[in-house]
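Enquirer: below is the structure, and that's it, no one-letter string:
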Ligand code: GLU
């Protein structure tokens, strides 16, 4: 069958592909240690599940507004005002089928053919592919471990052309776990404002911060920056709700109307009763987030020590999210060969750095239990010593 040209330029998501392979191997009885997808291993907190069950039993099973249940849009606006100091009203929010859907819709609503989008690398796998699907042009800017994998103001300036429209910011970052400080954000914002760009700020990991790291939305830098910021966020990572598929976009009214129009002609509303679980997540006790964070904090220290004890491997200590971005340059292998051999010969699943624009790295998610971390790192150690 002849497929559209647009699909020929897009690569499948490697995070999802490797995660599916690891899960299939597990189903086949293979003793696999998976550090592939960024998916918390905790069940969704009970009070969130209960709220969805109550809504289901109360008949919240019908079509809802394409922009989301009014109660959820209100709860999100309230959260953004109080937690992030971003003055959004419910009409500035549209509820989506997860963070991925938020981002895809934003790019579809904003980009014309050839519009350039600056993407600091290492980047989350889907950014460039989404930009291409929306007929935009990804402009990749490679960061360095010395700059803790963050784009510098100088690098940003050099990447800007007359076609630049958007800068993607992702803090805490997937795959590096790095977090931009308020001062770093202010320096980036000054350039964004000077060049009249828009920032798409992916804040899906905002709840997962370590050692007192402060997370600030770039939209909170100033009123001028707020007007140029679009927030993408969701419930998957902070509340362990990956399968629920609930995210949101917050931004200027015209953009929110455009995304709502897109959704009204494509997906319609997000699963109605699931949205009541999301309301409970925001309005209920936040102890569950803290409990998961406590577990992630211990795992982060454990995996960090184990990786840095393996000759040939090294990684920085992340400030947020739940990924280790591991430098494998010392092994002499490219990331695809490394990951392929590791999976086939040692039954350990990690994601090749090439998917994130860094072929001398691999990504290991530590959203898994400590026993798996210990066993997996032992196997990686054996593998690396055998090279
Ligand atoms: N965002 C997660 C990850 O990077 C989930 C998989 C995906 O959607 O890419 O692993």
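Expert: Done, it's in. Every value quoted in this text rests on a predicted model; they were computed, and no experiment measured them. Residues are numbered from 1 along each chain as shown.

Enquirer: OK, contacts around the residue of the stretch 51-200 of the chain found nearest the ligand?
Expert: Nearest to the ligand in the stretch 51-200 of the chain, going by C-beta to the nearest ligand atom, is residue 174, at a distance of 5.2 Å. From N, CA and C alone the C-beta is placed, and that goes for glycine too. The contact partners of residue 174, by C-beta atoms under 8 Å, 6 or more residues apart in numbering, come to 38, 124, 204, 205, 321, 323.

Enquirer: the residues you listed in strands, which ones?
Expert: Using DSSP state E, the subset of those located in strands is residue 323.

Enquirer: of all the contacts of residue 174, which two lie farthest apart?
Expert: 204 and 323 (12.3 Å; C-beta to C-beta).

Enquirer: residue numbers of this protein in contact with the ligand?
Expert: Within the chain, the positions near the ligand by C-beta under 6 Å from any ligand atom are 13, 15, 16, 37, 38, 100, 124, 125, 126, 174.

Enquirer: the third one and residue 23 touch, don't they?
Expert: Pointing back at residue 16 there. No. Assessed by C-beta atoms under 8 Å, residue 16 is found out of contact with residue 23, at 10.4 Å.

Enquirer: ranges for the helices of the chain?
Expert: 5-8, 14-27, 46-57, 70-84, 99-110, 126-133, 153-159, 182-194, 223-227, 253-264, 272-283, 287-308, 335-346, 370-386 (DSSP state H).

Enquirer: in a markdown table: those helices, plus mean pLDDT, distance to residue 360 and mean neighbour count.
Expert: Shown next, in a markdown table, are these (pLDDT from 0 to 100; distance: least, C-beta to C-beta, whole Å; neighbours: other C-beta atoms under 10 Å):
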| stretch | mean pLDDT | distance to residue 360 | mean neighbour count |
| --- | --- | --- | --- |
| helix 5-8 | 90 | 28 | 8 |
| helix 14-27 | 90 | 16 | 16 |
| helix 46-57 | 98 | 40 | 16 |
| helix 70-84 | 98 | 35 | 18 |
| helix 99-110 | 98 | 26 | 23 |
| helix 126-133 | 97 | 19 | 20 |
| helix 153-159 | 98 | 19 | 14 |
| helix 182-194 | 98 | 24 | 18 |
| helix 223-227 | 98 | 34 | 14 |
| helix 253-264 | 98 | 37 | 17 |
| helix 272-283 | 98 | 38 | 22 |
| helix 287-308 | 97 | 15 | 16 |
| helix 335-346 | 95 | 7 | 18 |
| helix 370-386 | 97 | 14 | 17 |
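
Enquirer: between those helices, which one is nearest to residue 212?
Expert: helix 287-308 (11.3 Å).

Enquirer: what does the closest one contact?
Expert: In contact with helix 287-308 (C-beta under 8 Å, 6+ apart) are residues 40, 42, 45, 47-48, 207-210, 238-240, 313-315, 317-318, 322, 324, 326, 364, 366-370, 373-374, 377, 380-381.

Enquirer: which of those are buried?
Expert: 40, 45, 48, 207-210, 238-240, 313, 315, 318, 322, 324, 326, 364, 366-368, 373, 377, 380-381 (16 or more other C-beta atoms under 10 Å).

Enquirer: these in strands, which ones?
Expert: Going by DSSP E, the strands hold 315, 324, 326, 364 from the buried ones among the contacts of helix 287-308.

Enquirer: contacts only, for the second one.
Expert: With contacts defined as C-beta under 8 Å, 6+ apart, residue 324 is in contact with 177, 300, 303, 304, 307, 315, 318, 363, 364, 366.

Enquirer: same question for the third one.
Expert: Contacts were defined as C-beta under 8 Å, 6+ apart; by that measure residue 326 touches 307, 313, 314, 315, 350, 361, 362, 363, 364.

Enquirer: quickly list what it is bridged to.
Expert: residue 315, residue 362 (DSSP bridges).

Enquirer: tell me how far it lies from residue 383.
Expert: Noted for residue 326: a distance of 13 Å to residue 383, by C-beta to C-beta, to the nearest Å.

Enquirer: returning to that earlier point: pLDDT added to the ones in strands among the buried ones among the contacts of helix 287-308, as TSV?
Expert: TSV is the format used below for those (pLDDT from 0 to 100):
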residue	pLDDT
315	96
324	98
326	98
364	98
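
Enquirer: of those residues, which pair is most distant in space?
Expert: 315 and 364 (8.5 Å).

Enquirer: for residue 265, give me the pLDDT.
Expert: Note on residue 265: pLDDT of 98.

Enquirer: ok, residue 204 and residue 323, which is more surrounded?
Expert: Neighbour totals were compared for residue 204 and residue 323, and residue 323 leads with 28 against 25 (other C-beta atoms under 10 Å).

Enquirer: residue 62 contacts residue 273, doesn't it?
Expert: No. Taking contacts as C-beta under 8 Å, residue 62 lies outside contact range of residue 273: 9.8 Å.

Enquirer: ok, the contacts of residue 324 vs residue 266, which is closest?
Expert: Out of the contacts of residue 324, the member with the shortest distance to residue 266 (by C-beta to C-beta) is residue 363, at 30.5 Å.

Enquirer: can you verify my assumption that that closest one contacts residue 349?
Expert: No. If you go by C-beta under 8 Å, residue 363 and residue 349 don't touch, sitting 10.8 Å apart.
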